[in-house]
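Participant: Predicted model follows, preceded by the sequence.
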Amino acid sequence: MMELRNWMIWPDDPLLSGLVLIAIAMLALYAARMPMHGLIRSAGLALSGPLRLGARWLFGVALDMKMRNKAVLLAQGRREAGQRIEREFERIGMLVTRDLQGYPTLQRRLLEEITRVEEDYKKCGEVPPPPPDWIDAVAAVAKIKTGGGEVVQKILEDIRTSIAGIHDKALAEYRRAYQARHSILEGFMPHWRSLDKMMKQVEKSMAGLQASASTVDAHMDAYKEIAAASDKAESVLTHSAFTQFVSAFLVMAVALGGAFVNFKLIALPMSEMVGASDYLTSSLRTSEVAALVIILVEASMGLFLMESLRITHLFPRIANLEDRMRRRMVWISLALLVTLGCVEAALALMRDTLIADKQALLQSLATVPAAANEGLLGRIPTAGQMILGFILPLALAFVAVPLESFIHSARAVGGALLVNLVRSAAFLLRLLGNIARQGSRALLHAYDVLIVLPLLAERVLRSARGRESVPAQRAVDAPEKIATTF
Amino acid sequence: MIHRVLLATLALAGLALGATGCVDPRSHANAVYMMVDDSGTYVHEVGKAKLIVNYLLGTLQPGDTLAVAKLRSRSFTEKDIIAKATFDVRPSEANSQKRAFRDKVAASLSNVSGSAYTDITGGLIQGAEFLNETGAGTKTIIIFSDMQEDLDKVTVRNFPIKLNNIRVIAVNVTKLNTDNIDPRRYLGRLEAWQKRVEAAGASQWKVINNIERLDGIFANS
């Protein structure tokens, strides 16, 4: 308060003092208006210029990165699509080799079957022998009137008897012929069935080929899209990379959980081997690090196994090894993995023994003895630990597959995120640049608001001067006009 | 390709770091020296000392050291140490050692003959020497006593002692008959010991009278 009074011109009249001070300040600010405007404008430009420049540079960088990401993504997609097409062609090749190499045999069998069927058909077509010509004679004899003569009667009886015999014989012959045809027709059935089966087989093979051809077509379309570097292909590949990244991350998280369980299984028994009192850091025991190293070695062996089997392709050198060497590597890594699994099973058993020993010691130290838990129930955890100890290293071997997907997709995902980050930074810089520019303008106006009274006075004076100068000008101009008139 | 190289470099760097000296050189072992007072009326409390020893045996880890000694008329001697052991780094071997230790202590504490005087200061000096020799990271002296020092006329203990970086914990500090008459005697006794121990450079002074809460022995606060 005292300090404020020191500023007063008339301490007893603060209002008047304040007004005078404001007036002085206004005049001072008015006097400094031009340089102050220049200063504010320059400061605004000095701030906004580099910010906008930086924003423009970052946008350019983001664009470059996007282009580079696109190129990498398309190259990766092209390679993967190429591999897929290659695999499809291999499959088609196998199908063709498997199915079409049997086609000459199949065709011969088909022809044989058809010939046999034709022959049988022809056999079926044979007409039974027609009734003999004497039938008409018999009919004529039958029309003869007996007249009651015994001789004629006898002759006719003989004729009837012989004709009946012949008829029975002919009928039997006819039936035999039909029976033979039926048996031929019956013999058709296996041939028909065989033909039907062969035709179905051919149809299935053709359908398989057609499906593979459709798949190849689809892959080829995708490949063309990628080769044309279209936005659609880029979008599809980016989406696919994100999906791969997330799914690989989830699977790896699950595998990490498995590795943690594995670690817990072998950390305690490892202290029996490397000691329990050595520390690498203040809280990390050497035995724990040893257990971790074993798990990492298992993961590495799994990785080598997957590489040797050509399931993953993180190390091209392994994939490019000659087949014999590669097979050796498969067996070596598999043997090491199984050995480590057996070691872990043994360690899990040791862990159980150690815990039981410690428990027995604590019980003997305790004042109240605990109830014993023996029998089958007590053995289940031991067996479970041993099985887990053996299985987990083998299961961890498969983590190489999601790891490869993770690494491959991380490039695309990381690149896309980085581009967005750079773009966001560019946007922020541009925003700050605009705020600085508009802020300097606002400050100019605010400055003028502070000195509004002198500015008003200036405007009034100018307008008054303007009014005075206009009649004077008219007065000066008038004689000239008169002179020109004359 | 770049990320593969990066991964390989990181792995190699990790291995190199592990191989060349990332190992923590400090000792993380615990060493505990427990003194059991068997003088005067406190001889009746000796049974509780077994509980504390059992607790220590159950809590100490492989590689740790434990010694149990009696507080006699003159305690600055190794002869008063009933049992001492540095447990093996292998847990199974350490458990066997603990069983043997427990049996030895139980046998020794079952037939105590009360001493005429109580030399706590001598025991502290002996304990500090023992603990310093172990080279353990955490050193603790547990005094199972009523903290009433009683020296004969010949024994000299009125000089400064050194207990640098040693935690001193008084357990089961019972009240004497005279303390019941004037509790200030008890409080004054504890305060005097605290001052003396802290002046000797001890890292911590603690009193635990409830033997159900022995977990405070290894707690730092």
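Facilitator: Yep, it's here.

Participant: Tell me the predicted confidence for residue B:100.
Facilitator: pLDDT recorded at residue B:100 is 94.

Participant: Please apply the same query to residue B:82.
Facilitator: At residue B:82, pLDDT is 91.

Participant: Can you pull the domain assignment for chain A?
Facilitator: What automatic domain parsing lists as the domains of chain A is A:102-227, A:231-368+A:375-398.

Participant: Those: lowest mean pLDDT?
Facilitator: Among the domains of chain A, domain A:102-227 scores lowest, at a mean of 78.

Participant: Just give me the neighbour total for residue B:92.
Facilitator: Residue B:92 has 16 neighbours, counted by other C-beta atoms under 10 Å in any protein chain shown. C-beta: built from backbone N, CA, C; applies to glycine.

Participant: Residue A:238 should be in a strand, yeah?
Facilitator: No: looking at residue A:238 with DSSP: H, G, I helix; E, B strand; the rest coil, it is helix, so not inside a strand.

Participant: That one and chain B, how far apart?
Facilitator: According to C-beta to the nearest C-beta, to the nearest Å, residue A:238 and chain B sit 18 Å apart.

Participant: can you check residue A:31 too?
Facilitator: For residue A:31, the distance to chain B - C-beta to the nearest C-beta - is 64 Å.

Participant: which one of the domains of chain A is the most hemmed in?
Facilitator: Compared across the domains of chain A, domain A:231-368+A:375-398 shows the largest average neighbour count, a mean of 17 (mean count of other C-beta atoms under 10 Å in any protein chain shown).

Participant: what ranges do the strands span in chain B?
Facilitator: Remark: strands assigned in chain B by DSSP state E are B:30-37, B:65-71, B:81-86, B:138-144, B:166-171, B:204-208.

Participant: Just say which of those is most tucked in.
Facilitator: strand B:30-37 (a mean of 27).

Participant: Provide the strand pairings for that one, with the direction of each partner.
Facilitator: Here strand B:30-37 has these sheet partners by DSSP bridges: strand B:65-71 (parallel), strand B:138-144 (parallel).

Participant: can you tell me how far residue A:47 sits from residue A:33?
Facilitator: Per C-beta to C-beta, to the nearest Å, residue A:47 is found 21 Å from residue A:33.

Participant: again but with residue A:242, I slipped
Facilitator: 58 Å.

Participant: circling back: got the strands paired with strand B:30-37 as a markdown table, with mean pLDDT and distance to residue B:85 columns?
Facilitator: As requested, those are exported to a markdown table (pLDDT from 0 to 100; distance: least, C-beta to C-beta, whole Å):
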| stretch | mean pLDDT | distance to residue B:85 |
| --- | --- | --- |
| strand B:65-71 | 93 | 6 |
| strand B:138-144 | 94 | 15 |
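
Participant: Out of those, the one nearest residue A:462 is which?
Facilitator: Comparison of the strands paired with strand B:30-37 against residue A:462 by C-beta to C-beta identifies strand B:138-144 as nearest, at 88.8 Å.

Participant: tilt between the closest one and strand B:166-171?
Facilitator: 30 degrees (axes from the mean of the first three to the mean of the last three C-alpha atoms, to 10 degrees).

Participant: chain center to strand B:138-144, what's the gap?
Facilitator: Distance of strand B:138-144 from the chain centroid (C-alpha atoms, centre = their mean, to the nearest Å) equals 2 Å.

Participant: now stretch A:44-55
Facilitator: 42 Å.

Participant: tell me which residues of that stretch are tucked away?
Facilitator: Judged by neighbour count (16 or more other C-beta atoms under 10 Å in any protein chain shown), stretch A:44-55 contains these buried residues: A:44, A:47, A:48, A:51, A:52, A:54, A:55.

Participant: Tell me the spacing between the closest residue to residue A:382 other than its chain neighbours and residue A:295.
Facilitator: In this structure, residue A:382 finds its nearest non-sequential neighbour in residue A:352, 4.6 Å apart by C-beta to C-beta, 6 or more residues apart in numbering or on different chains. According to C-beta to C-beta, residue A:352 and residue A:295 sit 19 Å apart.

Participant: Any idea which of the domains of chain A gets closest to residue A:74?
Facilitator: Short answer: domain A:102-227, nearest of those by C-beta to C-beta, at 5.6 Å.

Participant: Now find how far off-centre the closest one is within its chain.
Facilitator: The answer for domain A:102-227 is 61 Å, by C-alpha atoms, centre = their mean.

Participant: Contacts made by stretch B:58-65 with the rest, please.
Facilitator: A:271, A:275-277, A:361-362, A:365, B:29-32, B:66, B:84-91, B:93-94, B:98, B:131, B:134, B:136, B:217-218 (C-beta atoms under 8 Å, 6 or more residues apart in numbering or on different chains).

Participant: ok, the most far-flung residue of chain A relative to its centre - contacts?
Facilitator: Seen from the C-alpha centroid of chain A, the residue lying at the greatest distance (C-alpha atoms, centre = their mean) is residue A:149, 110.6 Å away. By C-beta under 8 Å, 6+ apart, no residues touch residue A:149.

Participant: What ranges does chain B have for its helices?
Facilitator: Along chain B, counting by DSSP state H, helices occupy B:2-19, B:46-59, B:91-110, B:120-134, B:177-181, B:183-199.

Participant: Oh, that last question was meant for the stretch 51-200 of chain A, not what I typed.
Facilitator: Assigned by DSSP state H, counting those that start in this stretch, the helices in the stretch 51-200 of chain A fall at A:103-125, A:134-143, A:150-227.

Participant: out of these, which comes closest to chain B?
Facilitator: Smallest distance to chain B across those (C-beta to the nearest C-beta): 20.6 Å, for helix A:150-227.
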